[in-house]
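*Asks:* Everything below, folded, please.
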Amino acid sequence: MVLAGLARIVRSAGEVVRAGEPLGAMGPIAAANEDNLNEIPSFPATEPAQALYLEVLRDGRPEDPAAWFALDD
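*Replies:* Numbers count the residues shown, from 1 in each chain. Got it, this is the predicted structure:
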């Protein structure tokens, strides 16, 4: 998995993480709270929108993750 656009990264490449564990934080670097990485920082409404780039690779080839985000009917 490739992520780009995080202001702060708290994991290393190749590190195994469990579901729900933070990989980093969006927004200004100062917004990430090192003491509580699970805390979601709040930003003022005037803060510009941030963008996160996500690319999923399987065996080095891109894979469409759309099914992961599909809503159950």
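*Asks:* in the protein, which spans are strands?
*Replies:* Ranges of strands in the chain, per DSSP state E, are 2-4, 8-9, 24-25, 53-58, 61-63.
*Asks:* The last one pairs with which strands, and in what direction?
*Replies:* Translated: strand 61-63. Paired neighbours of strand 61-63 in the sheet (DSSP bridges): strand 53-58 (antiparallel).
*Asks:* Quick one: residues contacting the closest residue in space to Gly24 that isn't next to it in sequence.
*Replies:* Leaving aside its sequence neighbours, Gly24 sits nearest to Leu6 (CB to CB, 6 or more residues apart in numbering; 3.7 Å). For glycine as for every other residue, the C-beta is placed from the backbone atoms N, C-alpha and C. For Leu6, the contact set (CB atoms under 8 Å, 6 or more residues apart in numbering) comprises 23-26, 52.
*Asks:* now the helices: where do they sit in this protein?
*Replies:* 66-69 (DSSP state H).
*Asks:* Show me the shaky parts of this protein.
*Replies:* 28-49, 72-73 (pLDDT under 70).
*Asks:* Could you report the neighbour count for Ala67?
*Replies:* For Ala67, the tally of surrounding residues (other CB atoms under 10 Å) stands at 7.
*Asks:* Gly14 now?
*Replies:* Look at Gly14: counted by other CB under 10 Å, it has 5 neighbours.
*Asks:* Could you do Ala25 as well?
*Replies:* Other residues close to Ala25 by other CB under 10 Å number 21.
*Asks:* so which of the contacts of Leu6 is the most crowded?
*Replies:* Neighbour counts for the contacts of Leu6, by other CB under 10 Å, peak at Ala25, which reaches 21 neighbours.
*Asks:* Let me have the contacts of Leu6 in CSV, adding distance to Glu15 as columns.
*Replies:* Formatted as CSV, the contacts of Leu6 follow (distance: CB to CB, whole Å):
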residue, distance to Glu15
Leu23, 9
Gly24, 12
Ala25, 16
Met26, 19
Leu52, 18
